[in-house]
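Peer 1: sequence isn't available, so here's the structure alone:
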């Protein structure tokens, strides 16, 4: 039995369908070409923010361990990097670059007096109270004037040497130059974690 011949009308419909499919795919390719790089860039910037916050927390932990051992805060990042017993900073001998710039020198030291209580209605310059067992966690805020980029001396936190709106808020701060995560923030976070475990 011989195949039935395809009519010219049917061939024209198939050709039109193929042309429409090519046009749709072309439009989709153009849309993807414009949106994916922008979305990917935002994803990468969020990841940089997360990495910066992670390293700020690692520095806070190292500062806390230094204070336990020496009964006073460190005065330079080199002290933390060079400390061997116990090792204050994990992850090899290399320095930790600040993820937003890639430069290990772009960390600003934050002294205790630059931290203020993140309590609504508290007078400006009110120091944060120490963590209290059973009390709700309390974050600290930064007084930038008391933590200049060239500060040297005892410090309880580091912050990025970077400006601009962040993609992630840290303790309510939405710009990089207001970010701070101190030893007290770490202690408060640890206390809140212990409280949540005891409640369970």
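Peer 2: Structure's in. What do you need? Worth saying up front: this structure is predicted, and the values here are computed from it rather than measured.
Peer 1: moving C-terminal from the longest helix along the chain, which element do we reach first?
Peer 2: Ordering each helix of the chain by length in residues (DSSP state H) puts helix 8-70 first. Using DSSP states H and E, the helix or strand that follows helix 8-70 in sequence is helix 77-82.
Peer 1: just how off-centre is that following helix within its chain?
Peer 2: What separates the centre of helix 77-82 from the centre of its chain is 22 Å, taken as CA atoms, centre = their mean, to the nearest Å.
Peer 1: show me what that helix is packed against.
Peer 2: In this structure, helix 77-82 makes packing contacts with helix 8-70, judged by 3 or more CB pairs under 8 Å, 6 or more residues apart in numbering; DSSP states H and E. Using the backbone N, CA and C atoms, a C-beta is placed for each residue, glycine as well.
Peer 1: show me what the helix it packs on packs onto, helices and strands only.
Peer 2: helix 77-82, strand 157-160, strand 165-170, strand 181-182, helix 183-199.
Peer 1: starting at the chain centroid, how far to the shortest one?
Peer 2: Strand 181-182 has its average C-alpha position 12 Å from the chain's average C-alpha position, going by CA atoms, centre = their mean.
Peer 1: cool, and stretch 19-35?
Peer 2: Going by CA atoms, centre = their mean, where stretch 19-35 is centred and where its chain is centred differ by 36 Å.
Peer 1: low-confidence ranges in this protein?
Peer 2: 1-15, 36, 84-94, 117-139, 199-200 (pLDDT under 70).
Peer 1: enumerate every residue touching the nearest residue to residue 66 once chain neighbours are set aside.
Peer 2: Take residue 66 and drop its neighbours on the chain: the residue closest to it by CB to CB, 6 or more residues apart in numbering is residue 74, 4.8 Å away. Going by CB atoms under 8 Å, 6 or more residues apart in numbering, residue 74 touches 63, 66, 67, 80, 154, 155.
Peer 1: swap in 7 Å and give it another go.
Peer 2: For residue 74, the contact set (CB atoms under 7 Å, 6 or more residues apart in numbering) comprises 63, 66, 80, 155.
Peer 1: I'd say the second one and residue 80 touch.
Peer 2: Yes. Counting by CB atoms under 7 Å, a contact exists between residue 66 and residue 80, whose distance comes to 6.2 Å.
Peer 1: the residue lying closest to residue 57 once chain neighbours are set aside and residue 56, how far apart?
Peer 2: What sits nearest to residue 57 in space, not counting adjacent residues and going by CB to CB, 6+ apart, is residue 181, at 5.7 Å. Between residue 181 and residue 56 the distance is 4 Å, computed by CB to CB, to the nearest Å.
Peer 1: who has more neighbours out of those two?
Peer 2: Applying other CB atoms under 10 Å to residue 181 and residue 56 shows that residue 181 carries more neighbours, namely 27 against 24.
Peer 1: ok, that one to residue 171 distance?
Peer 2: Residue 181 is 7 Å from residue 171, by CB to CB.
Peer 1: residue 74 too?
Peer 2: Counting by CB to CB - residue 74 and residue 171 are separated by 22 Å.
Peer 1: OK, contacts around residue 113?
Peer 2: Contacts of residue 113 by CB under 7 Å, 6+ apart are residue 146.
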